[in-house]
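J.: Prediction below, plus the sequence it came from.
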Amino acid sequence: MIEELLEGEEVSIFAICDGSEAVPLAPAQDFKRVGDGDTGPNTGGMGAYSPVPSFGPAEVDEVLATVHRPVLTELARRGSPFVGLLYAGLMITDDGPRVLEFNCRFGDPETQAIMPRIEGDLLELLHQAATGSLTGSAHAGTTAALTVALAAFDYPARNDVGTPIEGVDEAEANGALVFHAGTAMRGDQLVTNGGRILNVTGVSDDLATARAAAYEGVGRISFAGMKYRTDIAARPEARVG
């Protein structure tokens, strides 16, 4: 087997599809490695942010034209038109975007950074896709969002179950969005129940402030063995600074 080494930055582009047309959501970039500085094993994602400063509307249009729409055209030609969410994981190389993976679902944790930015009626857009009449758009406005995943100590090697979690209400009261992943209730106590436990999202007018809000929320949450990356979007923050 011969594999090609692709170098560049990864970007996730989601598009809502009605079988022939595709409406993109805002691009996002996630952080796969478990440790700061992109160290350690790959995970399902330790954080994400949106927008991606280096990937604007022109780049999104190029991906739709060269990736999503050709896929929709070919599936329709084969008699299996695709209706739903088409997620393309891309590597942006010197030769342009290259597809790493396709999924027919939203991505985690990119979705937690994309959804809070959407303006307008998402339900109507999904209904249009389901009925083959996609004409709307998923405008993201001028906000920025950043998500930090809180994981169990031994993630991704093993999960953690039953450890009490504190501070979620405090984080939410301070303005953070907290999305549950590997959690459960034991009586009145929120406890861990997985590998990635919670996702904490900050939303603001710019990426630097959204990043600060997310990590402020992270600082209010605690459970034994909690770990997270401290460098989510550190480089993009410096770029747009």
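T.: Structure received.
J.: Where do the strands of the protein begin and end?
T.: Assigned by DSSP state E, the chain shows strands spanning 9-18, 22-24, 29-30, 33-35, 39-42, 47-50, 83-93, 96-103, 144-151, 160-164, 177-180, 183-186, 189-194, 196-204.
J.: ok, residue 27 - how many residues close by?
T.: Using other Cβ atoms under 10 Å as the criterion, residue 27 is surrounded by 23 other residues. Heads up, the C-betas are built off the backbone N, CA and C, glycines and all.
J.: Next: residue 51.
T.: Residue 51 is flanked by 24 other residues according to other Cβ under 10 Å.
J.: Now for it: which residues touch it?
T.: Residue 51 sits next to 26, 27, 28, 117, 140, 144, 207 when contact means Cβ atoms under 8 Å, 6 or more residues apart in numbering.
J.: chain center to the lengthiest helix in the chain, what's the gap?
T.: Longest helix in the chain, counting residues (DSSP state H): helix 207-219. From the chain centre to the centre of helix 207-219 is a distance of 16 Å (Cα atoms, centre = their mean, to the nearest Å).
J.: Which neighbouring elements make contact with that helix?
T.: strand 47-50, strand 144-151, helix 168-173, strand 196-204, helix 234-240 (3 or more Cβ pairs under 8 Å, 6 or more residues apart in numbering; DSSP states H and E).
J.: Specify the stretch among these that is closest to residue 67.
T.: strand 47-50 (18.4 Å; Cβ to Cβ).
J.: Paired strands for the closest one, with orientation please.
T.: Sheet pairing of strand 47-50 (DSSP bridges) gives strand 29-30 (antiparallel), strand 144-151 (antiparallel).
J.: Distance of the nearest residue in space to residue 221 that is not next to it in sequence relative to residue 63?
T.: Nearest non-adjacent residue to residue 221, counting by Cβ to Cβ, 6 or more residues apart in numbering: residue 167, 4.1 Å away. With distances taken as Cβ to Cβ, to the nearest Å, residue 167 is found 39 Å from residue 63.
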